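**Student:** this one's sequence-less:
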C-alpha cells in the first residue's frame, strides 16, 4: 500500500482577528512522506458598512493574502502570491476550480468567501509524477505550509464611501502523499517569483529569468497597489542569447492569453492579466527548459503603467526543479 496516494488533514492555519498583517502564519507538514502537493481552502468573512464603487481582484478572498508557500527547515521551497498560485492551479486543472467570491460592493454583513488553491510540489500532468514528488533531505527539520494575511478591505473593493472589514481568515490544509520515501525523486521543486516595477512606458522592459535549475513553467501576473489588472503588458518576447522561444517580434499579450484556453482546462482566461507558459506540455520532463540550453533567459516586455492605478508591477513566478541532492544515480533521461 506504500505507493497508494493518500490524503491527510494538517492542523488548520488560523489567523486571529487581532493579529498583525504581513507576517506568516503556518501549520506543520509531516516528515517521512513523499508529497505530491498541499491543498489549501482559504475562507474569510467580509462586512461592508459603507458601500464601495467597484470590485477589486474579482472579489477573491485570496486578495486578503500576500504570499503563500511551503518551506523545509526554514528554507522556502515554494513562494507565490496567493492569486498567482490560484492562476497556476487553473492552468493545471481539467476544469474551472470552485470559488465563492464577493458578488457586489454594497452594504452587507457576514458575507462568507472561500477559495481552493494547491501548492504543487510534484510536477502535475507528468507521465510519472513520482519523479518529482517531494522527499525532505533532513528528516529532523520541520516542514511548514504558510499564508501571509493582508486583510485590507481595499483589496476587495474601492471607491464610493467604502468602509468594511475582512475577518476570520483561515486555511484548511490537506497533504497528498505516498510512503515510498526510499525512492528519491529525480528532481525537487523550487518555485520563486520576481517583481518588476513599471514606472513608465518602456518598449523593452527586461525581466531576468536566469538560473541554474530546470524550468517547468513561467506564470505572469499584471498587478497594482489596487489589485490585478490587464493593461500593463502590450507585447511579449521570451528569449535567450541563442534565440527566441516566444516572439522575436513581440506577440500581443492578449493573443497568448486567449489562445492558452486551447490547452488548459481551467478558467485561465477569466483574468486577462495572467499568462502561463508551459515547458512540459506533453507530460515529459525531457522538455523542461534547461539552463544548459541557454543561460540568459529573459522576458522582454512592451509595457506602460496601468491607467488610474498606482504601483504598477509585473510579477513573474518561475516554477523550477533542481536535481535532488541525495540522488547519486545518473539522470534517467536527458533534459
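**Tutor:** That came through fine. All of these numbers come straight from a predicted model, not from anything done at the bench.
**Student:** burial count for the nearest residue to residue 279 once chain neighbours are set aside?
**Tutor:** Counting by CB to CB, 6 or more residues apart in numbering, residue 279 lies nearest to residue 289, which is 4.5 Å off, once chain neighbours are set aside. Where you see a C-beta, it was placed from the backbone N, CA and C, and this is true even at glycine. A count of nearby residues for residue 289, using other CB atoms under 10 Å, gives 24.
**Student:** would you map the helices across the stretch 101-250 of the chain?
**Tutor:** Counting by DSSP state H, counting those that start in this stretch, no segments of the stretch 101-250 of the chain form helices.
**Student:** which stretches of it form strands?
**Tutor:** With DSSP state E, counting those that start in this stretch as the criterion, the stretch 101-250 of the chain has strands at 108-120, 143-149, 157-158, 163-178, 187-197, 202-208, 214-224, 227-228, 233-240, 243-252.
**Student:** residues in contact with residue 319?
**Tutor:** For residue 319, the contacting residues are 88, 120, 189, 191, 215-219, by CB atoms under 8 Å, 6 or more residues apart in numbering.
**Student:** what would those look like in TSV with neighbour count and pLDDT?
**Tutor:** Formatted as TSV, these follow (neighbours: other CB atoms under 10 Å; pLDDT from 0 to 100):
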residue	neighbour count	pLDDT
88	25	96
120	24	97
189	24	97
191	25	98
215	19	96
216	25	97
217	21	97
218	24	98
219	23	98
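**Student:** hmm, residue 165 is touching residue 46, no?
**Tutor:** Yes - at 7.4 Å, residue 165 and residue 46 qualify as touching, with contact defined as CB atoms under 8 Å.
**Student:** any shared contact partners between the two?
**Tutor:** Common neighbours of residue 165 and residue 46, counting by CB under 8 Å, 6+ apart, are residue 153.
**Student:** of those two, which one has the most company?
**Tutor:** It is residue 46, of residue 165 and residue 46, that has more neighbours when counted by other CB under 10 Å, with 25 against 14.
**Student:** of all the contacts of residue 319, which comes closest to residue 295?
**Tutor:** Nearest to residue 295 among the contacts of residue 319: residue 215, at 12.2 Å, using CB to CB.
**Student:** excluding its backbone neighbours, what's nearest that closest one?
**Tutor:** In space, and not counting its chain neighbours, residue 215 is closest to residue 289: 4.0 Å by CB to CB, 6+ apart.
**Student:** so what's that neighbour up against?
**Tutor:** Neighbouring residues of residue 289 by CB under 8 Å, 6+ apart: 214-215, 245, 279, 297.
**Student:** quick check, pLDDT for it.
**Tutor:** pLDDT for residue 289: 94.
**Student:** and for residue 327?
**Tutor:** Reported pLDDT for residue 327: 61.
**Student:** and the closest residue to residue 63 other than its chain neighbours, what does it touch?
**Tutor:** Excluding the flanking residues, the one nearest residue 63 by CB to CB, 6+ apart is residue 57, at 3.6 Å. By CB under 8 Å, 6+ apart, the contact set of residue 57 is 63, 83, 155-156, 227-228.
**Student:** ok, residue 218 next?
**Tutor:** Residue 218 sits next to 209, 238, 276-277, 279, 299, 316-319 when contact means CB under 8 Å, 6+ apart.
**Student:** which one of those residues sits closest to residue 175?
**Tutor:** Nearest to residue 175 out of the contacts of residue 218 is residue 319 (CB to CB; 19.4 Å).
**Student:** ok, what's across the strand from that closest one?
**Tutor:** On the basis of DSSP bridges, residue 319 is bridged to residue 191, residue 217.
**Student:** and the residue nearest to residue 63, backbone torsions?
**Tutor:** Backbone geometry at residue 57, expressed as degrees, to the nearest 10, gives phi 50, psi 30.
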